[in-house]
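A.B. asks: Turn this into a model:
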Amino acid sequence: DYDLLPPPFNSFFSETTMEEAEEEYELSLAYQIERTMYGVASVLGFFAALYTICKFRRCYKKNLDVAARLISYKISLSVADALILFVCAPIQLVWITTFWWYGGGILCRVYKFTVTFAFYLTGNMQVLIAFDRLITMTHLNEVRAKGATDYNTRFFLFLAWILAFLASLPQLFIFKLVFHNGEAPQCTSIWNEYAVRYEKEHDRLVETLGYEEDNATVCH
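C.D. replies: Now for the predicted structure:
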């Protein structure tokens with residue numbers, strides 16, 4: 001579930017201005033820790049990315065066909081990790097801190113698509129690297145033609161990316177920008193919006209029935 005929202009989401013939708021939201025919204029200890037983890041991950045991820053780039057440049061100079069294939073897989077894995085560290089983490093940090101979505105409707109959908117795509121691509125590349133290691137270990141004595149190896153590498157990379165892309169497409173349709181009572185914009189799924197709407201209608205019905213019951217008691 002990638003509907004990542006701070007905990008007061010369902011209870012916070014009321015007639016709220018930005019100033020009132022900042023006063024009323026207080027982070028729990030768990031979300032303070034989560035926010036800190038996002039910040040630390042972004043900073044450490046920057047240095048890890050620099051180290052990875054330097055390592056790739058050194059390894060890419062080798063003429064080993066198997067090593068080159070593995071590096072191409074790891075590059076795609078690094079791209080997915082970078083999306084999580086430098087897109088998901090900073091945006092989520094700001095979102096949790098302010099409880100206010102600043103990106104608008106289009107960026108809401110693009111953000112959810114990007115985050116989902118990054119997680120799917122990470123999983124696909126991990127499976128692909130493990131599969132590559134398995135094939136390599138079971139065919140140590142076989143020599144393959146370079147052209148065939150390059151073709152297989154490109155094919156499996158394309159398959160991993162296209163599967164992640166297709167699996168992430170629904171995020172462009174099920175997420176939207178929601179304004180409750182004209183304030184507190186949030187990027188949320190249509191399912192969460194339906195749940196909040198149902199909860200409000202239920203509370204309104206209970207309040208109406210209670211009011212009618214009180215009137216009936218007074219009349220008697």
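
A.B. asks: so where's the chain uncertain?
C.D. replies: Under the criterion pLDDT under 70, the flagged ranges of the chain are 1-25, 59-68, 139-151, 180-182, 193-220.

A.B. asks: In it, where's the longest helix?
C.D. replies: Counting residues, the longest helix found in the chain (DSSP state H) is helix 104-138.

A.B. asks: Name the residues of that one that are buried.
C.D. replies: Residues of helix 104-138 classed as buried: 108-125, 128, 132 (neighbour count, 16 or more other Cβ atoms under 10 Å). Placement of C-beta: from N, CA and C, glycine included.

A.B. asks: Check which helices and strands it sits against.
C.D. replies: Secondary-structure packing of helix 104-138 (3 or more Cβ pairs under 8 Å, 6 or more residues apart in numbering; DSSP states H and E): helix 65-83, helix 146-168, helix 171-174, strand 175-180, strand 183-189.

A.B. asks: Please identify the most buried of the ones you listed.
C.D. replies: strand 183-189 (a mean of 21; mean count of other Cβ atoms under 10 Å).

A.B. asks: related to what we said a few turns ago, turn the helices and strands packed on helix 104-138 into CSV, including distance to Tyr38.
C.D. replies: Shown next, in CSV, are these (distance: least, Cβ to Cβ, whole Å):
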stretch, distance to Tyr38
helix 65-83, 14
helix 146-168, 21
helix 171-174, 20
strand 175-180, 20
strand 183-189, 16
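
A.B. asks: Out of these, flag the one nearest Lys55.
C.D. replies: Comparison of those against Lys55 by Cβ to Cβ identifies helix 65-83 as nearest, at 9.2 Å.

A.B. asks: elements contacting that closest one?
C.D. replies: Helices and strands touching helix 65-83, by 3+ Cβ pairs under 8 Å, 6+ apart, are helix 29-59, helix 104-138, helix 146-168.

A.B. asks: could you check the angle helix 146-168 makes with it?
C.D. replies: 20 degrees (axes from the mean of the first three to the mean of the last three Cα atoms, to 10 degrees).

A.B. asks: Going toward the C-terminus from helix 65-83, what's the next helix or strand?
C.D. replies: The helix or strand immediately downstream of helix 65-83 is helix 89-98, counting by DSSP states H and E.

A.B. asks: Check which helices and strands that next one sits against.
C.D. replies: Packed on helix 89-98, when contacts are counted by 3+ Cβ pairs under 8 Å, 6+ apart, are helix 29-59.

A.B. asks: Please spell out which residues along the helix it packs on are buried.
C.D. replies: Buried, per 16+ other Cβ under 10 Å, within helix 29-59: Tyr31, Glu34, Arg35, Tyr38, Ala41, Ser42, Gly45, Thr52.

A.B. asks: nearest spatial neighbour of the last one, skipping sequence neighbours?
C.D. replies: The shortest distance from Thr52 to any residue that is not its chain neighbour, by Cβ to Cβ, 6 or more residues apart in numbering, is 5.5 Å, and that residue is Ser78.

A.B. asks: so Leu177 sits right up against Gly105, yeah?
C.D. replies: Yes - with contact defined as Cβ atoms under 8 Å, Leu177 counts as touching Gly105 (3.9 Å).
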